[in-house]
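> Task: produce atomic coordinates for the following.
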Amino acid sequence: MADQPTLTMRQRTAIGVPPLLLRLALAVTFIWAGYAKIFGTFEVTEDNRAALVAAGVISDGSTDPVVPADPEGDTEQPEPPAEDPAEATEETTVETTADPGGEGETTTEPEETTTSPVEPAQGEPDPGEEPGFASLAGDGRVTLVSQSTEPQRVRNYNGLAMLMYGAGNPQPVEADGETTTPMALVPSTFASPPWPTRLALLAAVTELVAGVGLLIGLLTRVGGLSVAGVMAVAMWLTQIGPALQSGNTWLGFLPLNDPWNIATYSTFLWQLALMAAGLALVFSGPGTLSLDRFLFGRGGRDDED
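Purely as a prediction, here's the structure:
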C-alpha cells in the first residue's frame, strides 16, 4: 500500500470519463435499435411475402384468415318461423239488416289482414348495410358479414430473419452465360426455419439488454463484448460476406465501393466504430461511475494502477 502511486485529478479523469462516454454512446444506440426491432413492425407486401414465408416467419395461409359463420361448423341458415294463422288472418262478423225485400239474413265474411315485418328500432343500424357488422340469427348464432382488410404486419426483427435465410441460401446468378451459386455466408442449419427467426430475436434482445447494462455500468465487459459480436456478425452478413460473394473486394475481403464517395462506406464504418467501441470497453473496464465499480470494486485494481 505504501508504494502505490497516487493518481492526479487529470489521470483519474482520463481513466473514468472515456469509458463513461463510450457506454453512453453504445447504450443510446443499442437500446434504440433493440427496442425498435422487438416492438416495431413493418407491413407484409407482395415483394417480401415470399422471403418471409421461406424464412418461416409466416405461413402460406396465414395471410388469408377465414372466419366461419358458425363455431360448430354448421353453415345452414335457420328456417324462418312458421307463420301464425291467428296473426295472418282475422275473421270478422258483419251483420246486415233486412233488405228492402223483407228478408233479413246474417252473413259472415272472412277479412284478411297481413302483418308487416318488424322494422329495426330507430337509431339501430341495419346488419345488411354496414360492413363488419355482426348479425344475430334466430338461434343466437353470430354471423360475420364482412372481414377486416387491414394489412398484415410482422415485427422488425423478422427483417434479420430474412437476411439470415438469404445468407444461408444464396440464389444462383448468371454471368457470361454460366450459372453459379455463390458461397453461403452461414451454415444451412442456421438458415433453415425456425432458426432464422430465433437468431434474429436473440440478436434484438441482446442489443436491448446489453444497451441497458452499458447505460448503468452493470456487467460492462460482457455488454461490450456482446455488442461487438453483434456488429461483427452484421458486418459479415451485410458488408464483407456479400463482397466476397460478388468478388468485388480490395485487400481480399473489404467491400470495393467508390473510394471517392464516403457515403458508400457509411454503413460499414458505422458498424466498425460500434464494434471498436465495444471492444474498448472490454479492455478498459466500466470506469469510475458504474455499478460494477460499487458492486465488484476496482476489478483487481487495474482501473487505477
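
> Give me the buried positions along the helix or strand where residue 36 lies.
Counting by DSSP states H and E, the element that carries residue 36 is helix 9-39. Within helix 9-39, the residues scored as buried using 16 or more other Cβ atoms under 10 Å are 15-16, 19, 22-23, 26-27, 29-31, 33-37. From N, CA and C alone the C-beta is placed, and that goes for glycine too.

> Just the pLDDT at residue 70, thanks.
Per-residue pLDDT puts residue 70 at 49.

> residue boundaries of the strands in the protein?
Assigned by DSSP state E, the chain shows strands spanning 41-43, 89-95, 106-112, 134-136, 142-144, 153-155, 173-175, 178-180, 249-250, 254-255.

> what packs against the helix holding residue 36?
If you count contacts as 3 or more Cβ pairs under 8 Å, 6 or more residues apart in numbering; DSSP states H and E, helix 9-39 packs onto strand 153-155, helix 195-216, helix 220-235, helix 266-284.

> go with 7 Å
Where contact means 3 or more Cβ pairs under 7 Å, 6 or more residues apart in numbering; DSSP states H and E, helix 9-39 is packed against helix 195-216, helix 220-235, helix 266-284.

> Please identify which of those helices is closest to residue 258.
Residue 258 lies closest, by Cβ to Cβ, to one member of those: helix 266-284, at 11.9 Å.

> Buried residues, the closest one. List them.
Going by neighbour count (16+ other Cβ under 10 Å), the buried part of helix 266-284 is 268, 271, 274-275, 277-279, 281, 284.

> and it, what other elements does it pack with?
Checked by 3+ Cβ pairs under 7 Å, 6+ apart, helix 266-284 has helix 9-39, helix 220-235 packed alongside it.

> any idea how far residue 192 is from residue 198?
Residue 192 is 11 Å from residue 198, where distance means Cβ to Cβ, to the nearest Å.

> my guess is residue 212 contacts residue 34, does it?
No: under the criterion of Cβ atoms under 7 Å, residue 212 makes no contact with residue 34, lying 8.8 Å away.

> can you list the weak-confidence ranges in this structure?
1-4, 61-149, 298-305 (pLDDT under 70).

> on that earlier part again, between the helices and strands packed on helix 9-39, which one is nearest to residue 7?
Across the helices and strands packed on helix 9-39, residue 7 has its closest neighbour in helix 266-284 (15.2 Å, Cβ to Cβ).

> Show residues contacting the closest one.
19, 22-23, 25-26, 29, 220-221, 224-225, 227-228, 231-232, 234-235, 238-239, 255 (Cβ atoms under 7 Å, 6 or more residues apart in numbering).

> try stretch 166-182
Surrounding stretch 166-182, the residues in contact under the criterion Cβ under 7 Å, 6+ apart are 184-188, 190-191, 237, 241, 245.

> Tell me the one among those residues nearest to residue 289.
Once Cβ to Cβ is applied, the member of those that ends up nearest residue 289 is residue 237, at 34.8 Å.

> tell me the contacts of that closest one?
Listed by Cβ under 7 Å, 6+ apart, the contact partners of residue 237 are 163, 167, 185.

> gap between residue 277 and residue 287?
In terms of Cβ to Cβ, residue 277 sits 13 Å off from residue 287.
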